[in-house]
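Student: What follows is a predicted protein model with its sequence.
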Amino acid sequence: MFSRRVAVSIVAASVLAACGGSEDSTDPAEVVTTGAPVVTEAPAATPAPVATDAPTVTEAPSVTEAPSVTEAPAATEVPASTDAPVDTSAPAEAVADVGRVVVLAEEGVLADVLDLGIPVVASSATVPDAGFQGMGDLDASGIEIFDYLSIGLEELATMEADHVIVWEFLVDEVGAEQLAGVGSELHVIPSGSSGREQLELLGEWFDRTDRASEMIAELDAAYDDARSRVADDCAASVVAIYAGPNVAAFAGPVWDVPRAIDELGCELVPSADGLSPDGNGRVWLSLEQLGLLDGPELIMLQTDTVEGEQAAIDDVTGSPLWSQLPAVQSGDVTTLDRLGYAGIDGEIRLLDDIVAILA
């Protein structure tokens, strides 16, 4: 079973699985038909942002007898399309050039797929019982929700997908041959891909390069506007308090919020200098180290859909050291939903909220 192959690594990273996070350069790869199910895969990106909230993993060993993949040159930028995107509420069978699409990569990928006008029949979700989160105005109704922690290969095969979009770390755990055995074309999103890189790959795989270029242009314009509105000396501490309690300060620009702060020219406090952040840019703090969160603004990345998190927040914020933080004393503490900004559309919405904090 798929779930048994993945369970060990996922349980070890259960804190990360509920973090959302997209949240980075990658050239699309050309598909080579070998008579077996096709695997489309891009070269592994240099770890930076998850992004999209997916766990950062080491590169998997090569799989023997797997479908061959050859590297293609980088795609040239295509002018933005003026055509309206395909209606994402239409059944997958109605879109002949795509077919049935299953997303094995949660909301950060699902949002971009829908925004590209690609219908989806089923997708994993960060917290399945809470439904799809952070989708904004994108219509995810009618899409079957499943938990990638428990779904088996047999159940995946019953979805009769023509395409499965999957995180690289799941391919590393399960194996390309095993996943290809469900009879679908696999599209592997490399670990560490940024939102822009992810979107470029999706556009190439599904012949939506015009729409992908248009979305990236919208994101770039949003960043240009946001940079003109934040203070010149802007700085912030970014923290997530997980059940446990476990406290993580974001010292590297990997996930969407710290990456956006960094792209806007603002300072992350603490920085990664002299610290040892993990692959997702996080430094794990004891209660005695809360003083490192001494930025003039404090942004908490939380969700009310993960069991035990509110109790952990109460424990940490009740600490005397927490009450001494500069942002706490000045009342400059803001809580953002860390699962509330899926995909490129979510990143654009996020910029408005960050500007409101850092202006």
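Tutor: Perfect, thanks for sending it.

Student: how long is stretch 158-169 from one end to the other?
Tutor: Using CA to CA, to the nearest Å, the end-to-end distance of stretch 158-169 comes to 23 Å.

Student: Give the buried residues for it.
Tutor: Across stretch 158-169, burial judged by 16 or more other CB atoms under 10 Å covers 159, 161, 163-169. (Each C-beta comes from the backbone N, C-alpha and C, glycine too.)

Student: Output those residues in a markdown table; the columns should cover distance to R338.
Tutor: As requested, the buried residues of stretch 158-169 are exported to a markdown table (distance: CB to CB, whole Å):
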| residue | distance to R338 |
| --- | --- |
| M159 | 29 |
| A161 | 29 |
| H163 | 28 |
| V164 | 26 |
| I165 | 22 |
| V166 | 22 |
| W167 | 18 |
| E168 | 22 |
| F169 | 19 |
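
Student: Out of these, which is nearest to A111?
Tutor: Comparing these against A111 with CB to CB places I165 closest, at 12.1 Å.

Student: for that closest one, what are its contacts?
Tutor: Contacts for I165 (CB atoms under 8 Å, 6 or more residues apart in numbering) come out as 101-105, 109, 113, 187, 189, 202, 205.

Student: Make TSV out of the buried residues of stretch 158-169 and add pLDDT, secondary structure and distance to G181.
Tutor: Shown next, in TSV, are those (pLDDT from 0 to 100; DSSP: H, G, I helix; E, B strand; the rest coil; distance: CB to CB, whole Å):
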residue	pLDDT	secondary structure	distance to G181
M159	92	coil	14
A161	92	coil	12
H163	94	strand	15
V164	94	strand	11
I165	96	strand	17
V166	95	strand	13
W167	93	strand	18
E168	94	helix	18
F169	90	helix	19
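
Student: which among these gets closest to L138?
Tutor: I165 (15.7 Å).

Student: what bridges to the closest one?
Tutor: V103, H187 (DSSP bridges).

Student: ok, now how distant is it from P326?
Tutor: 43 Å (CB to CB, to the nearest Å).

Student: do P253 as well
Tutor: For P253 relative to P326 (CB to CB), the value is 22 Å.

Student: Could you check which of the two is surrounded by more residues?
Tutor: P253 (20 against 16; other CB atoms under 10 Å).

Student: can I assume that one sits in a strand?
Tutor: No - applying DSSP: H, G, I helix; E, B strand; the rest coil, one finds P253 to be coil, outside a strand.

Student: what residues are up against the nearest residue to E307 once chain neighbours are set aside?
Tutor: Distances taken as CB to CB, 6 or more residues apart in numbering put A243 closest to E307, at 6.9 Å, once the chain neighbours are dropped. A243 sits next to 15, 306-309, 311-312 when contact means CB under 8 Å, 6+ apart.

Student: Ramachandran angles for A243?
Tutor: For A243, the backbone dihedrals (degrees, to the nearest 10) come out as phi -60, psi 140.

Student: name the helices or strands packed onto the helix or strand harbouring W284?
Tutor: Using DSSP states H and E, W284 sits within strand 282-285. Under the contact criterion of 3 or more CB pairs under 8 Å, 6 or more residues apart in numbering; DSSP states H and E, strand 282-285 touches strand 246-250.
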